[in-house]
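S.K.: Dropping a prediction and its sequence here:
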Amino acid sequence: MNTKDIVATFKNRSGYAFKNPDLLILALTHSSQALGPENHNERLEFLGDRVLALVIADELSVRFADAKEGELARRLNTMVRKETCAQVAVNLGLGELMAKLAGKKAAKTGVFDGQNVMGDACEAILAAIFKDSDYATARKIVLKLWEPFLDLKTTAQKDPKSALQEWALSKGFEVPVYKEVSRQGPDHAPEFVMAVYIADYPNQQGTANSKRAAEQTAAASFIAVNKIEN
């Protein structure tokens with residue numbers, strides 16, 4: 001798949017046509033495939049994270065005009081977390097485009113399927129759209145892609161780590177402690193195993209493509225095993 005095909009495919013999936021295709025290619029280039037120190041998507045990822053947060057925070061403040069700051073913060077955290085970004089990336093088929101851009105070997109091995117890689121690529125894409133157009137256009141694309149997660153009927157739930165910490169403190173325990181048990185896999189697609197420790201309770205473990213996600217999984221496991229109300 002050449003650059004022209006990648007741009008056309010992305011337009012069909014997202015509804016956005018890049019004026020500068022090089023920005024899209026840069027957003028889809030992982031550091032492991034870069035030809036130079038700046039020829040990858042990490043700087044775009046940094047910017048895209050901020051673009052996403054601003055768009056979602058603004059939209060939530062409008063949609064939930066009567067919500068308190070704590071509820072808005074929980075909703076925002078859910079919308080911008082790596083897991084959500086990764087799901088948007090999967091919906092857009094960014095892994096396929098990254099693999100095709102990288103070459104046949106990458107396409108066969110699925111090296112771009114990891115949650116971290118997908119989430120980062122999604123944020124990079126948002127920055128690329130912002131730089132290629134303007135904030136208003138980027139906002140329109142973000143709201144289109146995030147609409148399934150902005151459902152007004154969705155209840156703002158605490159994430160597992162926050163819920164577990166509140167429970168631990170309410171019981172007079174110290175805050176939960178998270179420790180890395182193991183890490184496997186290549187740098188571009190690592191797999192972390194994290195364990196959570198609280199008082200004398202048996203530790204629970206979680207596995208994911210980032211430490212943060214693995215900690216959330218471990219916290220969720222602890223909550224489920226000990227039947228804690230969230």
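M.R.: All right, it came through fine. Residues are numbered from 1 along each chain as shown.
S.K.: Could you find the closest non-adjacent residue to the residue sitting nearest the centre point of the chain?
M.R.: Among the residues of the chain, the one closest to the centroid is residue 82, at 1.9 Å (CA atoms, centre = their mean). Residue nearest to residue 82 in three dimensions, not counting chain neighbours: residue 119, with 3.9 Å by CB to CB, 6 or more residues apart in numbering. Placement of C-beta: from N, CA and C, glycine included.
S.K.: How many residues are close by the one you found?
M.R.: Residue 119 sits with 26 neighbouring residues when counted by other CB atoms under 10 Å.
S.K.: quick one, strands of this structure?
M.R.: Counting by DSSP state E, the chain has strands at residues 177-184, 191-197, 204-208.
S.K.: The ones you listed into CSV, with extra columns for mean neighbour count and distance to residue 59?
M.R.: Formatted as CSV, these follow (neighbours: other CB atoms under 10 Å; distance: least, CB to CB, whole Å):
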stretch, mean neighbour count, distance to residue 59
strand 177-184, 13, 31
strand 191-197, 21, 32
strand 204-208, 20, 27
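S.K.: Residue 93 is nearest to which of those?
M.R.: Proximity to residue 93 (CB to CB) singles out strand 204-208 among those, at 21.5 Å.
S.K.: hmm, who's touching the closest one?
M.R.: 115, 181, 191-196, 213-222, 225 (CB atoms under 8 Å, 6 or more residues apart in numbering).
S.K.: switch to 7 Å and redo it
M.R.: 115, 181, 191-196, 214-218, 221-222, 225 (CB atoms under 7 Å, 6 or more residues apart in numbering).
S.K.: And for the residue nearest to residue 164 when sequence neighbours are not counted, the neighbour number?
M.R.: Leaving aside its sequence neighbours, residue 164 sits nearest to residue 219 (CB to CB, 6+ apart; 4.4 Å). Per other CB under 10 Å, the neighbour tally for residue 219 reads 26.
S.K.: thinking again about what came up before, isn't the residue nearest to the centre of the chain up against residue 115?
M.R.: Yes. The pair residue 82 / residue 115 is scored as a contact, 6.2 Å apart, by CB atoms under 7 Å.
S.K.: what residues are up against residue 214?
M.R.: 192, 193, 194, 206, 207, 208.
S.K.: check contacts around the first one.
M.R.: The one in question is residue 192. 180, 183, 207, 208, 210, 211, 214.
S.K.: pLDDT value on residue 107, please?
M.R.: Residue 107 carries a pLDDT score of 46 in this model.
S.K.: Next: residue 24.
M.R.: pLDDT, read off for residue 24, is 96.
S.K.: do you know how far it is from residue 42?
M.R.: 16 Å (CB to CB, to the nearest Å).
S.K.: which of these two has more neighbours?
M.R.: Neighbour tally, residue 24 and residue 42, criterion other CB under 10 Å: the higher count belongs to residue 24, 25 against 14.
S.K.: What about the closest residue to that one other than its chain neighbours, how many residues nearby?
M.R.: Closest residue to residue 24 apart from its sequence neighbours, by CB to CB, 6+ apart: residue 18 at 4.7 Å. Look at residue 18: counted by other CB under 10 Å, it has 20 neighbours.
S.K.: can you tell me which residues contact residue 18?
M.R.: So residue 18 contacts 7, 24, 132 (CB under 7 Å, 6+ apart).
S.K.: Many thanks, have a good one.
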